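Colleague: Compute the structure for the input listed below.
(chains A, B, C and D)
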There are 2 protein chains.
Amino acid sequence: MARLLIVEDDPDTNDSICEYLKGAGHQVHAAFDGQQALDLFESFPIDAIVLDIMLPKLNGMEVLREIRQSSDVPVLMLTAIKDEQTQIASFDGLADDYITKPCSIVLLGKRITALLRRAGKGKDVRSWEWKDLAVNFYAYTAYKGNEPIDLPQKELRLLKFLIDNQGLVLTRNQILDELWGLESPESDRTIDLYISRLRNKLGIDCIKTIKGIGYKLEGSE
Amino acid sequence: MARLLIVEDDPDTNDSICEYLKGAGHQVHAAFDGQQALDLFESFPIDAIVLDIMLPKLNGMEVLREIRQSSDVPVLMLTAIKDEQTQIASFDGLADDYITKPCSIVLLGKRITALLRRAGKGKDVRSWEWKDLAVNFYAYTAYKGNEPIDLPQKELRLLKFLIDNQGLVLTRNQILDELWGLESPESDRTIDLYISRLRNKLGIDCIKTIKGIGYKLEGSE
DNA sequence: TCACACATGATAAATTGATGACACATTCAG
DNA sequence: CTGAATGTGTCATCAATTTATCATGTGTGA
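Modeller: I've put the predicted structure just below:
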């Protein structure tokens, strides 16, 4: 699931794109001119933009330029203009992809997915699996094989933090900040304790100690 | 600058792509069949791949699948196949982009740049590389080629320091200052020891002794 | 050519300090 | 009150680091 902004002046085209992407599980905002696109972008959190070039009020290139003043959000240009200079100008304006109409709506979806994946929007993992372990952050449940594991809040949050940063080393301080914020416990032992509890409950040794630094979750990359 | 792998069986096409990308400041490896692509990918650190589909030995889809077993490197499919199913299959196989030939070489460059920019986000800034050695301070890992090397903190920092100053001689005092600061150990032997451990673990003899002065990492001179 | 001094390499042993394990204290909800 | 979740303190263990010791190599002057 991602929050998408579709900018396209033709109502029919806009509508069918939106419907398809909603069906694919995304949350979709529709804009029909450049100014509206900027307004919507200001008002809602947006993960990626599909942007036509020929638009009323502000054209797509201007919208792109405006957005890039303040944001690195992924932008996919979708336009009837096949001219190479326009494509080059789009990429120079830091667009992420460029598709010419007419275009298969399925492929558009695939390209959006690829872009989101690369942009790291898939980073906020809602579920995670590794070997016979599975964690679901919607239901806040964890499974080892088919056995549910009982993980109290802190342990689950620690696990999620590790998963969100899998492969990267987290220092004790980072973990303290994330789980406790200001009201950190005194003792360094506390973190070791939670790590140790997680290791016991998970069974597999997927949490690695970096002595003198912190811990990291083995990447499943 | 990025390290690119171009996989394309037609020598002329391959060559002209490589030349153009070299001209754009990249470091380029060329592969002419699928197996060679995998071999090169194993042997060198690669930042992005341009991958044809119709290839001798292993076709592009198989190469993609193989690479995605172990790596999230950006992959741009470049092929004469216009068929939608193939495009969909590519994106489902976690390709990042798909271009059909013939294609403007300038646009190819632009798309590679866009992809690298997007993939570089959140990438490890604190990463040092020299030949087939790489040190990553986010993950606290070191790699020789694609093999991870287990390096404790001090050894990792020493390696980083050497890579940072490749080709320059570092005196024992400089190394002491960098790694220990004020709380330097008494014994001069300590440094020799770490150097010796690094040499063992790295395998290749890339650390040169300058008698009476210190050590240096062989430059590319 | 042959000692000799000196710098470095290699190895083992000692030391230090971080971590893992566990028992227990505290808090909080029902 | 009871039980679960969370936090603290202690101590044994183990790995990283350091020291100590001896072997090896290299250049110098007799």
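Colleague: can you pull out the strands in chain A?
Modeller: Secondary structure of chain A (DSSP state E): strands at A:3-7, A:27-31, A:48-51, A:75-79, A:97-100, A:127-130, A:133-136, A:141-144, A:147-149, A:170-171, A:207-210, A:214-217.
Colleague: Report the spatially nearest residue to residue A:115, omitting neighbours in sequence.
Modeller: residue A:74 (4.8 Å; Cβ to Cβ, 6 or more residues apart in numbering or on different chains). No exception for glycine: its C-beta is placed from N, CA and C like everyone else's.
Colleague: and chain A, which of its residues are near chain B?
Modeller: A:72, A:74, A:84, A:87-88, A:91-92, A:94-97, A:104, A:106-107, A:110-111, A:113-115, A:117-120, A:123, A:167-169, A:210-213, A:216, A:219, A:221 (Cβ under 8 Å from any Cβ of the partner chain).
Colleague: Could you identify the buried members of the residues you listed?
Modeller: A:74, A:87-88, A:91, A:94-97, A:110-111, A:113-115, A:118-119, A:167-169, A:210, A:216 (16 or more other Cβ atoms under 10 Å in any protein chain shown).
Colleague: okay, and the helix or strand of chain A with the least pLDDT?
Modeller: Using mean pLDDT, DSSP states H and E, the weakest-scoring helix or strand in chain A turns out to be strand A:127-130, at a mean of 74.
Colleague: Any idea how far it is from the middle of the chain?
Modeller: Between the centre of strand A:127-130 and the centre of its chain there are 16 Å (Cα atoms, centre = their mean, to the nearest Å).
Colleague: before we move on, what about stretch A:206-221?
Modeller: 23 Å.
Colleague: That stretch close to DNA strand D?
Modeller: Yes - applying Cβ under 7 Å from any atom of the strand, one finds that stretch A:206-221 is in contact with DNA strand D at A:211, A:212.
Colleague: hmm, who's touching that stretch?
Modeller: Stretch A:206-221 is contacted from outside by A:130-131, A:133, A:162-163, A:165-172, A:174-175, A:195, A:198-199, B:70-72, B:139-140, B:152-153, using Cβ atoms under 8 Å, 6 or more residues apart in numbering or on different chains.
Colleague: Among the residues you listed, name the buried ones.
Modeller: Using 16+ other Cβ under 10 Å, the buried members of the contacts of stretch A:206-221 are A:130, A:133, A:162-163, A:165-170, A:172, A:175, A:195, A:198, B:139-140.
Colleague: Same list, the residues you listed, but only the ones touching DNA strand C.
Modeller: A:172, A:195.
Colleague: Tell me which entries of the contacts of stretch A:206-221 lie within helices.
Modeller: Counting by DSSP state H, the contacts of stretch A:206-221 place A:162, A:163, A:172, A:174, A:175, A:195, A:198, A:199, B:70, B:153 in helices.
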